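In: Got a sequence here, can you model it:
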Amino acid sequence: MTDPDYDAVRRAGVLRVRRPATEWLSTGWNGGRRTADCAYNLSVPEGWERTALGPYIDDRLERAEFETTAGDAASPALLTGVDIADARGARCGSVTVYATAGISNPAALPMEPTPADRAASTAVEDDDAESGQGRGTVNLIVGTTRALASGALENLIAVAAEAKAATLLAEAGVPGTTTDAIIVGHDPSGSPAAFSGSGTDVGAAVRACVREAVRASLRAHYATADAELPTAVDDATYGVSTARRADVFQPALASDRSQPDS
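Out: Prediction:
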């Protein structure tokens with residue numbers, strides 16, 4: 001097998017994924033769009049508490065001896081409680097995916113919440129707070145050599161998240177954890193792709209890669225961790241169950257409004 005189009009190396013608890021002049025989109029800390037040579041996934045030690053993340057990430061990259069250049073000075077980075085030795089990659093066609101997966105902090109979404117679900121629910125009132133700790137989080141770094149049209153890169157996050165949720169539901173009965181994050185990247189100089197949905201070549205490849213990489217990382221993590229793969233929130237060290245209900249309504253017809261929309 002030839003080297004992946006998005007090459008990765010790991011050192012000192014850091015996974016570096018590299019492809020020059022990639023345009024990345026991240027849902028993680030300090031996320032958004034940027035062009036850089038690299039994306040990173042950093043494993044944090046057990047008991048680590050949130051701190052000034054920018055200086056912390058810079059220090060970790062320096063200690064791992066990953067030199068930053070003009071092309072990757074603003075590289076996107078994710079943080080995980082999973083050991084980087086448990087990272088796994090998968091490739092299909094134009095797509096490469098790297099995953100670290102642990103679910104000590106699962107986030108369940110019951111369709112018919114029960115009193116037990118409400119007891120397990122730990123709603124977060126502070127939008128800046130993160131619920132759940134421990135050796136958890138499912139992080140994905142997704143890259144394609146195609147050049148995605150406007151909107152298709154954003155849609156690739158949805159495709160990857162859907163594939164992650166389907167995989168975790170099959171493996172552990174939950175769609176995700178409280179701290180999951182995704183980075184997607186494309187090559188602006190590659191072969192154009194107008195869409196990235198599940199029915200496209202790019203979207204189908206992302207779904208396959210996410211499934212294989214997440215399953216492989218889960219198996220690696222729980223083969224060495226001092227815990228078994230939880231299959232429900234109650235089995236996990238930390239976890240939440242969204243038991244609150246929302247009010248359902250039908251949007252009004254324009255003819256029902258006395259005033260036109262501004």
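In: need the contact list for residue 164.
Out: Applying CB atoms under 8 Å, 6 or more residues apart in numbering, we find residue 164 in contact with 138, 140, 175-176, 180, 182, 210, 214. Quick note: C-beta positions are derived from backbone N, CA and C, even for glycine.
In: helix, strand or coil for it?
Out: The assignment at residue 164 comes out as helix when based on DSSP: H, G, I helix; E, B strand; the rest coil.
In: does the residue lying closest to it once chain neighbours are set aside belong to a helix or a strand, and which?
Out: In space, not counting the residues next to it along the chain, residue 164 is nearest to residue 210; the distance is 5.6 Å by CB to CB, 6 or more residues apart in numbering. Remark: residue 210 resides in helix 201-224, with elements defined by DSSP states H and E.
In: Neighbouring strands of the very next helix or strand once past that helix in the sheet, and parallel or not?
Out: Downstream of helix 201-224, the next assigned helix or strand under DSSP H and E is strand 240-241. When pairs are called by DSSP bridges, strand 240-241 turns out to pair with strand 107-108 (parallel).
In: Show residues contacting the strand it pairs with.
Out: Under the contact criterion CB under 8 Å, 6+ apart, strand 107-108 has outside partners 117, 120, 132, 173-178, 232-233, 239-242.
In: follow-up on the earlier one: the residue nearest to residue 164 and residue 182: what is the separation?
Out: Distance of residue 210 to residue 182, computed by CB to CB, to the nearest Å: 9 Å.
In: Contacts only, for the residue nearest to residue 164.
Out: With contact set as CB under 8 Å, 6+ apart, residue 210 has these partners: 90, 97, 99, 140, 142, 160, 163-164, 167.
In: which residues of the stretch 1-150 of the chain score low on pLDDT?
Out: Applying pLDDT under 70 to the stretch 1-150 of the chain flags residues 1-4, 68-73, 116-135.
In: all helices for it, in order.
Out: Remark: helices of the stretch 1-150 of the chain, listed N- to C-terminal, are 53-63, 115-120; assignment by DSSP state H, counting those that start in this stretch.
In: That'll do, ta.
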